[in-house]
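Q: could you look at this predicted model? Sequence included:
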Amino acid sequence: SRSCAFMTSKTSDSSNSSPSPESGATDLQWPPSWWRWLIFALSGTVEIERQHVLAEQRHAQRMSELRQYNEGLRQSNEEFKRSNEEFERQTEELRKENETLRRENERLAELESKIDGLFYKHGIYLAQTTKPKQP
């Protein structure tokens with residue numbers, strides 16, 4: 001019977017130690033199962049390498065997309081910060097203007113009260129006007 005690659009030729013009977021005519025180079029070949037195993041193993045290795053390269057490419061693509069997305073978020077965040085700072089500046093400006101108007105209204109109310117008192121003291125009566133309601 002034929003054996004694996006590392007086996008030598010067989011003998012036809014125990015008294016004759018020389019190789020039989022059908023033995024020799026053919027007995028040194030790997031059996032077909034070995035060849036198939038080697039081809040499958042190499043094919044698997046090639047497929048694994050191919051899958052690994054594809055996975056690396058997908059990973060690189062995804063990382064590139066994430067970098068772009070993060071850059072967009074960073075720019076949006078910077079824009080939001082600038083808008084927020086502008087809004088805060090305008091809010092502070094309006095608060096100051098409101099405070100100035102409130103003090104001016106208080107001063108005008110005092111002057112109006114003094115004028116009304118002087119008119120009353122000198123007998124000057126004006127027709128009552130309706131005052132606008134203030135919030």
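A: In hand now; what should we look at?
Q: in contact with Arg58, which residues?
A: Applying Cβ atoms under 8 Å, 6 or more residues apart in numbering to Arg58 gives no contacts. All C-beta atoms are positioned from the backbone trio N, CA, C, and that covers glycine.
Q: tell me which element it falls in.
A: Element membership of Arg58 [criterion: DSSP states H and E] is helix 32-121.
Q: pLDDT score for the residue positioned nearest the centre of the chain?
A: The chain has Leu66 as the residue nearest its centroid, 4.2 Å off, counting by Cα atoms, centre = their mean. We have a pLDDT of 97 for Leu66.
Q: do the same with Ser9
A: 40.
Q: got it, and Gln29?
A: The model's pLDDT for Gln29 equals 63.
Q: ok, the one 4 residues further on next?
A: Note on Ser33: pLDDT of 78.
Q: and Arg67, how many neighbours does it have?
A: 10 (other Cβ atoms under 10 Å).
Q: I should have written Leu111 there, sorry.
A: 10.
Q: go on, the one 3 residues further on?
A: Residues contacting Lys114 under the criterion other Cβ under 10 Å number 10.
Q: tell me the contacts of it?
A: Taking Cβ under 8 Å, 6+ apart as the definition, Lys114 has no contacts.
Q: if anything else comes up later, I'll come back, but that's it for now.
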